[in-house]
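K.L.:
any chance you could fold what I've pasted below:
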Amino acid sequence: MLAHLQGNKLWLIFIPAVFVFLVWHVGFFHGMPNTVEKQLYLKEELMTCFQVDTSITPFVGPMYWTTGIDGEVHWKPWEVVASFSCSTVLMGCFFTILFCASRIFAKMRNSKHHFSAKTLDVNKQLFRMLCIQTVIPMVTMYTPVALFVILPMFGKDIPYLGNLTSSSLAVYPLIEPIIAITCVATFRKAIDPSTAQEAVPF
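P.N.:
Predicted coordinates for the structure are as follows:
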């Protein structure tokens, strides 16, 4: 694929990222806006749990329906559509990662007879790192955010899900380099003072 994105066509590689950003931005900031209705609904809970005043602190979040005085449920189609679009982006990103990982694995398996033992060992280390880097985002980013968006639609709640989501998103950038350092032997040697000089020439 990269063979078709060389030269003046290189900018095309940024189109998926811009598309995902636009869908996410429109879905959350315009599809799930901070309204007075949401401020009043969450005022007591957020003040009790986090000492946050909803009329001052900006936030976004879905409110899929409201209940009228007569007990009738009134759905908000635009917020449901916004939630669906954000969930679709999450699933699309994750399945893209799985697709690319499977193609890489197939390519490595078909080419293993053409590489030296050292190259195969390095490829195994990199593939192991790739697998872990596929699972970690699913646990720390995709799953918490998806639950945060989807569960309210069914009237379900997980205690402290908001804290879990924000904490996991903050921890992921820290975990990412640790995975690389742990899985790749050369990186492990580089942080070990006794073998650091051996790793520098590589």
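
K.L.:
phi and psi next, for Lys76.
P.N.:
phi -110, psi 90 (degrees, to the nearest 10).

K.L.:
can I assume Val80 is in contact with Ser87?
P.N.:
No: the pair Val80 and Ser87 fails to qualify as a contact (Cβ atoms under 8 Å) at a distance of 10.5 Å. No exception for glycine: its C-beta is placed from N, CA and C like everyone else's.

K.L.:
state the helix or strand in which the nearest residue to Cys183 once chain neighbours are set aside lies.
P.N.:
Distances taken as Cβ to Cβ, 6 or more residues apart in numbering put Met129 closest to Cys183, at 3.8 Å, once the chain neighbours are dropped. Applying DSSP states H and E as the criterion places Met129 in helix 117-137.

K.L.:
in that helix, which residues are buried?
P.N.:
Across helix 117-137, burial judged by 16 or more other Cβ atoms under 10 Å covers 123, 125, 127, 129-130, 132-133, 136-137.

K.L.:
let me see the confidence value for the most centrally placed residue in the chain.
P.N.:
When Cα atoms, centre = their mean is applied to the chain, the residue found nearest the centroid is Met141 (3.9 Å). Per-residue pLDDT puts Met141 at 81.

K.L.:
now do the SS call for it.
P.N.:
When classified by DSSP: H, G, I helix; E, B strand; the rest coil, Met141 comes out as helix.

K.L.:
wait, isn't it in contact with Tyr172?
P.N.:
Yes: Met141 is in contact with Tyr172 according to Cβ under 8 Å; the separation is 5.9 Å.

K.L.:
which parts of this structure are helices?
P.N.:
In the chain, the helices defined using DSSP state H lie at 15-25, 36-50, 77-111, 117-137, 143-150, 161-183, 185-190, 196-199.

K.L.:
Pro152: what's it in contact with?
P.N.:
Residues in contact with Pro152 (Cβ atoms under 8 Å, 6 or more residues apart in numbering) are 61-64.

K.L.:
most neighbours, which of these?
P.N.:
Ranked by neighbour count (other Cβ atoms under 10 Å), those have Pro62 at the top, with 21 neighbours.

K.L.:
distance of that one relative to Gly31?
P.N.:
Pro62 is 8 Å from Gly31, where distance means Cβ to Cβ, to the nearest Å.

K.L.:
what's near enough to touch the closest residue to Gly162 other than its chain neighbours?
P.N.:
Once flanking residues are discounted, Gly162 sits nearest to Phe148: 7.1 Å by Cβ to Cβ, 6+ apart. Taking Cβ under 8 Å, 6+ apart, we find Phe148 in contact with 161-162, 165.

K.L.:
quick check, nearest of these to Phe115?
P.N.:
The nearest member of the contacts of Phe148 to Phe115, counting by Cβ to Cβ, is Thr165 at 41.7 Å.
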